[in-house]
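# Attaching a predicted model along with its sequence, questions to come.
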Amino acid sequence: MNIHHLDYLRHVLDQEVERDEVKGAAASVIYKGREVYRYSAGCADTKKGTPMKEDTIIRLFSMSKPVTSAAAMILYERGMLDLFTPVSEYLEDFEDQKVYTIDGLVDADRPILVRDLLNMTSPIPYPDASEGNWTGNRVHEYFEQIKAEMREGKETSTRDFVVGLSHIPMAFQPGDHWMYSVSADILGAVIEAIAGQSFGSFLKQEIFDPLGMVDTGFYVPPEKTDRFAEAFRYDQQQGKLVHYEDLHLCVGDWLSAPAFESGGAGLVSTMCDMTKFALMLLGGGSYEGRRILGPRTVRFMRTGQLTKEQSVTTNWESCWGYGYGNLMRTMEDPAQAGSNCSVGEFGWDGWMGNYFFMDPADDLVFFHFIQAADSPVIQRNRRKMRQIVYGALE
């Protein structure tokens, strides 16, 4: 690898900060198990002037999903979780669900399966207040109710949170197509039901402690808050970044242990910790002699799972050229993605702009950590960094 070429990443990160697209940014390249490049720009905390570093704690939001997928795969390869089993066998409230249509409510053709949760073919969407999305509107109303209760100090457990979702009629027949949704949150509750312990304690016992992920969890303890990055969101009306302190997707306190441990958006972590997780997956399920998963299970995890019909709706810009499965995208067509990457590269990102990918063919991992939601330039900047990283390979 041409290490000098990687220094072009510096220009992208510096430019992000100079243009006020982000307040702080950090990037890391791991090649053949060794970090070969790291650079940080800007501040993790603008009020204190704290620099962005590799041990800065950030909100992962949807980058929590690959961790939830790995947790499910632990139970899968122990024979405790079957992908074709209805979710209702683990969470009985999901029995006899209805589907919303323009002609009214109809019976579901089949129940939601565990496989639907892992592949985002379950029909309970994220909240959507836009006109005409009936189910999305109902989920939006439910999330707003939970957030109001949270502001009043009322806690809702992981199981109770997803039980509430089960009573909302579904947006389409289970398995019909891909839709980004609350699937990972439901999966967290399924894991709780099988393991007989809280989702957070299962993650700590089975993944975080074995890998030495000491700064990863569902909240930031008091002794670590000095390393916790500020959160920002791009305000389209003002045309600039503004501080963000709301309860996006019903997570957001971050400073105390939550009752609702969101498998889709709830984790905080550092680049150091997530490097261990990524190298575990890239290493076929093992990291520094500690086995979390078997190699064939990891190979299954990073294989696209959607049918041609299901994948029609994976039309996000960030998914161009990718398949999808097990809560991650998997590269299938680099030409369609306009990318100089390898087939089989996989990973995911988070609402705050944080991003990572792993590439088994090139033994490569890349991280870009920021805390700036809804950036209008994030996809462009991400493509630039990917081009630089892959351009450095000999």
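Sure thing, it's come through.
# Just the buried residues of the helix or strand where residue 386 lies, please?
Counting by DSSP states H and E, the element that carries residue 386 is helix 378-391. Burial within helix 378-391, assessed by neighbour count using 16 or more other Cβ atoms under 10 Å, is assigned to 378, 381-390. No exception for glycine: its C-beta is placed from N, CA and C like everyone else's.
# Now do residue 70 against residue 60, distance only.
Distance from residue 70 to residue 60, counting by Cβ to Cβ, to the nearest Å: 13 Å.
# nope, residue 235 is what I was after
Residue 235 sits 22 Å away from residue 60, going by Cβ to Cβ.
# out of these two, which sits in the more crowded spot?
Neighbours of residue 235 and residue 60, each counted by other Cβ atoms under 10 Å, are more numerous for residue 60; the result is 27 against 12.
# Quick check on the more buried one: phi, psi?
Dihedral pair for residue 60: phi -80, psi -30, per degrees, to the nearest 10.
# need the contact list for it.
With contacts taken as Cβ atoms under 8 Å, 6 or more residues apart in numbering, residue 60 has the following neighbours: 67, 265, 267-269, 274, 350, 352, 354.
# and of the residues you listed, the nearest to residue 97?
residue 265 (23.1 Å; Cβ to Cβ).
# Touching, the closest one and residue 248? I think so.
Yes: under the criterion of Cβ atoms under 8 Å, residue 265 lies in contact with residue 248, with a separation of 7.4 Å.
# what do these two both touch?
With contacts taken as Cβ under 8 Å, 6+ apart, the residues that reach both residue 265 and residue 248 are 61, 351.
# Settle it for me: which of the two has more neighbours?
residue 265 (25 against 19).
# Render the CA-only coordinates of stretch 30-44 in CSV, please.
What follows is the C-alpha trace of stretch 30-44 in CSV, where atoms were taken according to Å, rounded to 0.1, in the frame of the first residue of the first chain:
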residue,chain,number,x,y,z
ILE,A,30,-6.3,-0.6,8.7
TYR,A,31,-4.4,-2.8,6.2
LYS,A,32,-3.6,-6.4,6.8
GLY,A,33,-4.4,-6.1,10.4
ARG,A,34,-2.3,-3.0,11.1
GLU,A,35,-3.3,0.7,11.3
VAL,A,36,-1.3,2.4,8.5
TYR,A,37,-3.0,5.8,8.6
ARG,A,38,-4.8,7.9,11.1
TYR,A,39,-5.7,11.6,10.9
SER,A,40,-8.0,13.9,12.9
ALA,A,41,-9.2,17.4,12.3
GLY,A,42,-11.3,19.9,14.2
CYS,A,43,-13.0,19.5,17.6
ALA,A,44,-14.9,16.8,19.4
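# got the buried residues for that stretch?
Of the residues in stretch 30-44, 30-31, 35, 37-44 count as buried by neighbour count, 16+ other Cβ under 10 Å.
# re the thing from before, the buried residues of helix 378-391: which two are farthest apart?
378 and 390, at 18.5 Å, using Cβ to Cβ across these.
# returning to that earlier point: between the contacts of residue 60, which sits nearest residue 122?
Of all the contacts of residue 60, the one sitting nearest residue 122 is residue 265; the distance, using Cβ to Cβ, is 16.0 Å.
# what residues are up against that closest one?
Residues counted as contacts of residue 265 (Cβ under 8 Å, 6+ apart) are 60-62, 64, 184-185, 248-249, 251, 350-351.
# any idea which of those is the one closest to residue 97?
Proximity to residue 97 was ranked across the contacts of residue 265 by Cβ to Cβ; first place goes to residue 185, at 16.2 Å.
# Can you say which helix or strand has that closest one in it?
Using DSSP H and E, the secondary-structure element containing residue 185 is helix 183-195.
# For the helix or strand that that helix is followed by, buried residues please.
Using DSSP H and E, the helix or strand that directly follows helix 183-195 along the chain is helix 199-203. Neighbour counts using 16+ other Cβ under 10 Å place 199-200, 202-203 of helix 199-203 among the buried residues.
# so can I have CSV of these showing pLDDT and distance to residue 334?
CSV is the format used below for the buried residues of helix 199-203 (pLDDT from 0 to 100; distance: Cβ to Cβ, whole Å):
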residue, pLDDT, distance to residue 334
199, 98, 35
200, 98, 37
202, 98, 36
203, 98, 33
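# Show me which of these is closest to residue 99.
Closest to residue 99, out of all of the buried residues of helix 199-203 and judged by Cβ to Cβ, is residue 199, at 27.7 Å.
# next structured bit after the host helix or strand of residue 300?
Counting by DSSP H and E, the secondary-structure element that holds residue 300 is helix 295-301. Sequence-wise, the next helix or strand downstream of helix 295-301 (DSSP H and E) is strand 322-325.
# just the CA coordinates of that following strand, formatted as CSV?
Written as CSV, here are the backbone C-alpha positions of strand 322-325 (Å, rounded to 0.1, in the frame of the first residue of the first chain):
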residue,chain,number,x,y,z
TYR,A,322,-24.7,-2.9,-3.2
GLY,A,323,-26.8,-5.8,-2.1
TYR,A,324,-28.0,-6.0,1.5
GLY,A,325,-28.2,-8.7,4.2
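# From the contact counts, what lies against the very next helix or strand once past it?
Moving toward the C-terminus from strand 322-325, the first helix or strand encountered (DSSP H and E) is strand 328-331. For strand 328-331, the elements it packs on are helix 65-77, strand 322-325, strand 346-349, judged by 3 or more Cβ pairs under 8 Å, 6 or more residues apart in numbering; DSSP states H and E.
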